[in-house]
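# I need the structure of the sequence given here:
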Amino acid sequence: MEGIFLEPKELRQLIRDGSFNKNTSGACDDFVQANLAIVPKEYAFDFFLYTYRNPKPCPVIDILEAGEVESRLAKGSDVRTDIPLYHVFKDGGLVEKKSSITDIWQDDFVTFLIGCSFTFESQLVKNGIRLRHIDCNKNVAMYKTNIETTPAGPFKGPLVVSMRPIKNKDLDLAKAITEKFPNMHGGPVHAGDPLLIGIENIEHPDYGEFVEIKEDETPVFWACGVTPQAAAIEAKLPIMITHAPGHMFVTDWTNEAYLKNGM
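Presented below is the predicted three-dimensional model:
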């Protein structure tokens, strides 16, 4: 059902009708995927300022005005239904996980789509760099770090990173490939000892699923679009909605078009 044989519009329809309800890593892997953050208009400027000050984990690729539901990057899309799983935060706590948010939608909601590292994964694979979480059909492992983001208004919190074991011989290539995607988190923020960025137990990620790190591999960490979820907890907004980690919004924008034309 997933993968290159599906067009993004087809995948979004499967998500919308409940037929596809898992993480989107490896799905429509030739197309740009995005993280989601929805806030009331009252907090939209502060959140935009937070993303501006923290472009590595929060590279904005689209903003929908208050009440809008269709992204310019995906014709016919609906941000209320086209993500497999949403997280609903109220007063800093995760209160609900939903496959659709149409019943709690507000006309003052402003939607931010944020670049996702799933976009550069296909380029890693095409260049011969295997990704174990995809091979094992798992969600990528994600961790809170001891690196603080730059605050804006009520938004603050730790940088969240995604981890992929990379063969030692491929480290330079992986860095070079991902640096071509600055609006999809770009190159790694760290490679090697996880303790240096505050990760005490690599086998127990804060989000996603751990995969084995072999002797000839190095754990490599990229900034992650789950960072706004940590900020949502700190901000204690009356309501904020995000994607569930690994469950992305799939656009109609191809990776090749991104590489050629950028934003």
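# break the chain down into its domains, please.
8-117+230-261, 120-223 (automatic domain parsing).
# start and end of the last one, how far apart?
One end of domain 120-223 to the other measures 13 Å (CA to CA, to the nearest Å).
# so for it, what's the average pLDDT?
The pLDDT scores in domain 120-223 average 94.
# cool, the first one as well?
Looking at domain 8-117+230-261 alone, the average pLDDT works out to 93.
# related to what we said a few turns ago, switch the domains of the chain over to a markdown table; also include mean neighbour count.
To be clear about C-beta, it is placed using only N, CA and C from the backbone, and glycine gets the same treatment. Supplementary listing: those in a markdown table, determined by neighbours: other CB atoms under 10 Å:
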| stretch | mean neighbour count |
| --- | --- |
| domain 8-117+230-261 | 19 |
| domain 120-223 | 18 |
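# can you give me the strands in the stretch 1-150 of the chain?
31-40, 60-64, 86-90, 93-98, 109-115, 141-148 (DSSP state E, counting those that start in this stretch).
# residues in contact with the last one?
Defining contact as CB atoms under 8 Å, 6 or more residues apart in numbering, one finds that strand 141-148 is touched by 133, 156-163, 189, 194, 197-199, 202, 205-211, 221, 224, 226, 230, 245.
# can you put the strands of the stretch 1-150 of the chain in TSV and add distance to Glu7?
Formatted as TSV, the strands of the stretch 1-150 of the chain follow (distance: least, CB to CB, whole Å):
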stretch	distance to Glu7
strand 31-40	8
strand 60-64	19
strand 86-90	23
strand 93-98	25
strand 109-115	19
strand 141-148	28
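# minimum distance to Tyr52: which of those strands has it?
Evaluated over these, closeness to Tyr52 peaks at strand 60-64, with 8.1 Å, by CB to CB.
# the closest one: partners in the sheet, and parallel or antiparallel?
Looking at strand 60-64 with DSSP bridges, its partner strands are strand 109-115 (antiparallel).
# tilt between the strand it pairs with and strand 31-40?
150 degrees (axes from the mean of the first three to the mean of the last three CA atoms, to 10 degrees).
# just give the nearest non-adjacent residue to Asp29, would you?
Ser122 (4.1 Å; CB to CB, 6 or more residues apart in numbering).
# now for that neighbour: which residues touch it?
The contact partners of Ser122, by CB under 8 Å, 6+ apart, come to 29-30, 255.
# can you rerun that using 10 Å?
Neighbour list for Ser122: 4, 26, 28-33, 131, 134, 255-256 [criterion: CB atoms under 10 Å, 6 or more residues apart in numbering].
# and which of those is nearest to Glu65?
Of the contacts of Ser122, the one sitting nearest to Glu65 (CB to CB) turns out to be Val32, at 20.9 Å.
# my guess is that closest one contacts Phe181, does it?
Yes: applying CB atoms under 10 Å, one finds Val32 in contact with Phe181, separated by 9.3 Å.
# so for those two, which residues contact both of them?
Joint contacts of Val32 and Phe181 (CB under 10 Å, 6+ apart) are 115-116, 119-120, 255, 258.
# Ala257 looks like it's in a helix, true?
Yes: counting by DSSP: H, G, I helix; E, B strand; the rest coil, Ala257 falls inside a helix.
# ok, it - contacts?
31-32.
# against Lys56, how distant is it?
22 Å (CB to CB, to the nearest Å).
# one more: Arg80?
28 Å.
# repeat that for His204.
Per CB to CB, His204 is found 24 Å from Lys56.
# just Val211 next, same as before
Counting by CB to CB - Val211 and Lys56 are separated by 23 Å.
# surely Arg16 and Val79 touch.
No: contact between Arg16 and Val79 fails when scored by CB under 10 Å: they sit 11.1 Å apart.
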